[in-house]
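Student: okay, sequence plus prediction incoming.
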Number of protein chains: 4
Amino acid sequence: MTDIASSDFGAWLSPSELNQIRSKVPLVYLNLVPVKLDTQGRLEAVALLLRGKSRTGMIRSLVAGRILLHETLREAVCRHLEKDLGPMCLPVLPTTLVPFNVAEYFPIPGSTLYDERQHAIALCYVIPVNGDCQAYDDALEISWFTPQECLLPEVISQLEEGHQSVLKQALAHLGYLR
Amino acid sequence: MTDIASSDFGAWLSPSELNQIRSKVPLVYLNLVPVKLDTQGRLEAVALLLRGKSRTGMIRSLVAGRILLHETLREAVCRHLEKDLGPMCLPVLPTTLVPFNVAEYFPIPGSTLYDERQHAIALCYVIPVNGDCQAYDDALEISWFTPQECLLPEVISQLEEGHQSVLKQALAHLGYLR
Amino acid sequence: MTDIASSDFGAWLSPSELNQIRSKVPLVYLNLVPVKLDTQGRLEAVALLLRGKSRTGMIRSLVAGRILLHETLREAVCRHLEKDLGPMCLPVLPTTLVPFNVAEYFPIPGSTLYDERQHAIALCYVIPVNGDCQAYDDALEISWFTPQECLLPEVISQLEEGHQSVLKQALAHLGYLR
Amino acid sequence: MTDIASSDFGAWLSPSELNQIRSKVPLVYLNLVPVKLDTQGRLEAVALLLRGKSRTGMIRSLVAGRILLHETLREAVCRHLEKDLGPMCLPVLPTTLVPFNVAEYFPIPGSTLYDERQHAIALCYVIPVNGDCQAYDDALEISWFTPQECLLPEVISQLEEGHQSVLKQALAHLGYLR
């Protein structure tokens, strides 16, 4: 799909550099909802990542991450999907860059979404994947859920806080929130 | 706001004419979510109409209705809001005609939304109203609900079937479905 | 892709029946922009149909047509693309039914788009096609144009009047109108 | 409308701090198209700012600027409009944060938009203003242009490079690019 070397997009930032930047400007993020569709484009299943977390046990999440310097949005969408779902996930990139929603994360609990690390502004896209998905990077497992299963309390409650909201918005946007 | 005489848009159709058309083509509808916003455009409340129904008691609904012949979408939005919320409701029409969703109603229960009368394709818009709203036409009452109240079982269960889905989509689109 | 028999969607209407309906209600239409994308989802080319017209010579157009009774939007998108581009065009249906624009056609020249036949409300979608496209039905030829070529005076001036506007909106939506 | 003290959003960054950040991450921007609408929400005019530029003479622009740390998008929209159009411009904020487009600016001329200063990702919104607009800050003049006037070569050629594209996208989105 793409052969993007991360070095193309400026050096990776050290944790201390990233923390310093987080204290000065909001970061641009992607929140991606990987889906399987039928031949008429109807939603069949959503992929959620399972990760281990020291304090809270297991947690599920969407594919999320930041845009690197000099990286286009399309390159960043491919990079994050391939990092989390594997190089054979074969994402179908959207025709337009207009997101289905923009999620605002703040490091202060309140009326917006919460991210303890930072102020982030996330562009949210639904991305069909046609290939084989395998857990890569720090994900333990990738699980597929039907639209109905996504909304079960035992599934939605395992999701990272802000991702609950983004997933419900995605399901609503696709016509699967009844 | 507007002074549209319904006679501008071809004659009203008799019930038998309308039934005959419904047996041949889908109708174009509007599903409108009237809202109050604060000064920064954040959702404060949603208006739902209360109507009497012979068989099922009371039922709540969004503002809905069809587009008449030779009527623009903007004229139809104004006409339906003023018919249901009164001539002083002062709607703020959207800058764009792109709807937040398109709802498909079929007269057969199934995976799409259900309307026993017809196959209808409804363009869904959120419309802020700045004026005084009063129950007109066949509505008994207009009630305002906060985003949280809209989702209470006792409110959502009173809504016309398809309108439940459209209201949830609207709340998701506005960022109020957590 | 689909095996929709048109008979599933009520009888086809005779020209006189259709004319009678057109004198009473607006019709729901699709305006489809078939495109080829590269692997990152960027626009490579747009397909335009070439048709013969008795009075005006040749005319180019998008894929357009109405929604039949009891037909879903997704079924109608597939049907119209396969009718005009052939059964092997392999359309990639959108994840969402939210159109990039809604085009209003009126039988009276004026500030809206013009269709001498009818008042039509057209949902506009960009549809990538991955297969082989061949002229079917009453199209003489299918030609592919790069985004830049689409806007050349000799191309845009050959387009059906309303389709000029819809094509420009599509190019703008995809980020290709500079 | 708002009484946002800039000090609420972390200290302003010194030019050298901002340059250092620009060398490490993309910045989140707003590109705002201020408009006057008629009572049915149809576009009447677009406001463009006139600024002096040492090398190139006069240049026109949209309202643009970055999101500050801990500032919501809605707060940033208000702040930038009031800074450029004055405190009495009375913006009507959108119901949704979904932008009509996302513009990518890179400091390298190429197939994306060009900003010599930085890699910026701009959320683009059309914002109606109901009040009195006056040139503030470093703008020399605010001029209103009808949709047709916006596209005149003498107007569009005066616009900042990337803003030409964003303005055309806005006009297309609102149905005014024929």
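Tutor: Looks like it came in fine. Just so it is clear, the structure is predicted and the values come from calculations on it, not from any experiment. Numbering: from 1, shown residues only, chains lettered A, B, ... in the order given.
Student: which pLDDT value goes with residue A:108?
Tutor: Note for residue A:108: predicted pLDDT of 89.
Student: same check, this time on the one 3 residues further on
Tutor: In this prediction, residue A:111 carries a pLDDT score of 75.
Student: give me the phi and psi for it.
Tutor: Dihedral angles of residue A:111 (phi, psi; degrees, to the nearest 10) stand at phi -80, psi -10.
Student: for residue A:52, same thing?
Tutor: Residue torsions, per degrees, to the nearest 10, at residue A:52 are phi -90, psi 140.
Student: bridging residues for it?
Tutor: Beta bridges link residue A:52 to residue A:58, judged by DSSP bridges.
Student: distance check, residue A:166 against residue B:80.
Tutor: Applying C-beta to C-beta, to the nearest Å, the value for residue A:166 to residue B:80 is 32 Å. For every residue, glycine as well, the C-beta is placed using N, CA and C.
Student: just the CA trace of the helix or strand of chain A with the lowest mean pLDDT, in CSV.
Tutor: Within chain A, no helix or strand scores below strand A:57-61, which has a mean of 89 by mean pLDDT, DSSP states H and E. Output of strand A:57-61 as CSV, limited to C-alpha atoms (Å, rounded to 0.1, in the frame of the first residue of the first chain):
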residue,chain,number,x,y,z
GLY,A,57,-6.2,-4.3,33.2
MET,A,58,-7.4,-4.6,29.6
ILE,A,59,-8.6,-1.7,27.5
ARG,A,60,-9.9,-1.6,23.9
SER,A,61,-9.3,1.2,21.5
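Student: does anything pack onto the helix or strand just after it? Which helices or strands?
Tutor: Using DSSP states H and E, the next helix or strand after strand A:57-61 towards the C-terminus is strand A:63-66. The helices and strands touching strand A:63-66, judged by 3 or more C-beta pairs under 8 Å, 6 or more residues apart in numbering or on different chains; DSSP states H and E, are strand A:27-37, helix A:73-85.
Student: kindly reformat the ones you listed as CSV containing mean pLDDT.
Tutor: Output for the helices and strands packed on strand A:63-66, formatted as CSV (pLDDT from 0 to 100):
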stretch, mean pLDDT
strand A:27-37, 97
helix A:73-85, 96
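Student: quick one: which of the ones you listed is nearest residue A:12?
Tutor: helix A:73-85 (12.2 Å; C-beta to C-beta).
Student: starting at the chain centroid, how far to that closest one?
Tutor: 9 Å (C-alpha atoms, centre = their mean, to the nearest Å).
Student: write out the residues of chain A neighbouring chain C.
Tutor: Residues of chain A lying near chain C by C-beta under 8 Å from any C-beta of the partner chain: A:1-2, A:35, A:37, A:39-43, A:74-75, A:78, A:92-98, A:100, A:126, A:128, A:173-175.
Student: strands along chain A, start to end?
Tutor: A:27-37, A:43-53, A:57-61, A:63-66, A:101-106, A:113-114, A:120-128, A:141-145 (DSSP state E).
Student: the second one to helix A:73-85, inter-axis angle?
Tutor: It refers to strand A:43-53. 70 degrees (axes from the mean of the first three to the mean of the last three C-alpha atoms, to 10 degrees).
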